[in-house]
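1. Could you work out the structure for the sequence below:
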Amino acid sequence: MAGEGREQFVIVGVNYKTHTPERKNSSLGQRLKGKPLVSIVILTIIILGCVFADHVRNHDPTSFYLNNLSKAPDAEFYFGTDSLGRDIFSMIWYGGRVSIIIGLLSMVISTVIGVVYGCISGNANSQIDAVMMRVPELINSIPILLLVLLLTSIMGTQNIFKTSFVIGVTGWCALARIVRSEVRQIRSSEYVLASRCMGGSFLHIMRKHLIPNFVSTIMFVVVSSISSSMSMESTLSFLGLGLPVDVISWGSMLSLANKALLLNTWWVIIFPGVFLVITMVCITNIAYFFRKETNKGESIL
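-> All right, here's what the predicted structure looks like:
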């Protein structure tokens, strides 16, 4: 009887279709779909080549082969030599170490300053917050390159840590404003208020409650700051205010570009420039992936 009762009801409607819930495919291919695999693979190869530069190189990058000045690429010197007789192929991998380290150190410095400053400003009252937000606006009113050049000239002869500090200490403003905006949205949440009532310190609240809630939002800015720091280091070296010539980096290699143009030695510019651009594009592509996943509200991993 129960079966007969159910048959008496007929569903009517135009283009009626039975709804079938979709099941998420957890296969490896589905999980990898949309991820920047090509950028990750290329960036991994470059990083591994820089890490194991001692095994990749075929010449001493610091030696001057005076019989092969400005030599074009051949079977002995794969990427040719510069005007000082140094092997560009070997210098590429050792220079990549320095450039990537500067990018990472600058990212860490700017992230620490931006996150702490943004959290303090976001938790402060309206008067203090207004005063604190004027500082990033004042810094942004000055062209970043001009500010970096000023600090570089004040600090004197550059090294890896000085260059990283100068780039990092001038690149935290955008991150601080994003963090401040996120903190002001979540500072009145119940779990934050409960932690304050239980005597939680500012550092405890920031580490346990604030940072985990906005870390996905700032990932794009954090990751993309690596490529922008590497670009700034190259700019400083090209202008003669970056690392000394004896410290090999992609930027210091490009600082010889003016001589290369005069001597028509295109390989001195092309190879370091290509490695620098490819690395920056890969990092930026990965950063865009983080931003896309954040906007979708999905897990990055």
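2. How about residue 276, nearest residue that isn't a chain neighbour?
-> Among residues not flanking residue 276 along the chain, residue 250 sits closest, at 4.6 Å (Cβ to Cβ, 6 or more residues apart in numbering). All C-beta atoms are positioned from the backbone trio N, CA, C, and that covers glycine.
3. I'd like to know how far that neighbour sits from residue 88.
-> Relative to residue 88, residue 250 is positioned 11 Å away (Cβ to Cβ, to the nearest Å).
4. just residue 222 next, same as before
-> Applying Cβ to Cβ to residue 222 and residue 88 gives a distance of 32 Å.
5. contacting residues around residue 266?
-> Listed by Cβ atoms under 8 Å, 6 or more residues apart in numbering, the contact set of residue 266 reads residue 260.
6. start the count at 389, not 1, going forward
-> New numbering, starting at 389: the last item is residue 654.
7. related to what we said a few turns ago, more neighbours: residue 610 and residue 476, which one.
-> residue 476 (24 against 18; other Cβ atoms under 10 Å).
8. contacting residues for that one?
-> 465, 467-470, 641, 655-656, 659-660.
9. any idea where the helices of the stretch 589-689 of the chain begin and end?
-> In the stretch 589-689 of the chain, the helices defined using DSSP state H, counting those that start in this stretch lie at 590-593, 599-626, 638-642, 645-651, 655-684.
10. how distant is the shortest one from the center of its chain?
-> Between the mean C-alpha location of helix 590-593 and the chain-wide mean there is a distance of 26 Å, by Cα atoms, centre = their mean, to the nearest Å.
11. Show me what it is packed up against.
-> Where contact means 3 or more Cβ pairs under 8 Å, 6 or more residues apart in numbering; DSSP states H and E, helix 590-593 is packed against helix 476-511, helix 578-585.
12. Redo those helices as CSV? Include distance to residue 437 and mean pLDDT.
-> Shown next, in CSV, are the helices and strands packed on helix 590-593 (distance: least, Cβ to Cβ, whole Å; pLDDT from 0 to 100):
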stretch, distance to residue 437, mean pLDDT
helix 476-511, 5, 91
helix 578-585, 45, 85
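13. most tightly surrounded among these?
-> Among the helices and strands packed on helix 590-593, helix 476-511 has the highest mean neighbour count (mean count of other Cβ atoms under 10 Å), at a mean of 22.
14. now the angle from that one to helix 578-585?
-> 70 degrees (axes from the mean of the first three to the mean of the last three Cα atoms, to 10 degrees).
15. List the residues that contact residue 535.
-> 527, 558.
16. Which residue, neighbours along the chain excluded, lies closest to residue 470?
-> Using Cβ to Cβ, 6+ apart, the closest residue to residue 470 is residue 656 (5.0 Å).
17. Go ahead and confirm that neighbour touches residue 474.
-> No: at 9.9 Å, residue 656 and residue 474 do not qualify as touching, with contact defined as Cβ atoms under 8 Å.
18. In stretch 440-451, which residues are buried?
-> For stretch 440-451, burial by neighbour count (16 or more other Cβ atoms under 10 Å) applies to 441, 445, 447, 449.
19. among the helices of the stretch 589-689 of the chain, which gets the worst mean confidence?
-> Among the helices of the stretch 589-689 of the chain, helix 645-651 carries the lowest mean pLDDT, a mean of 73.
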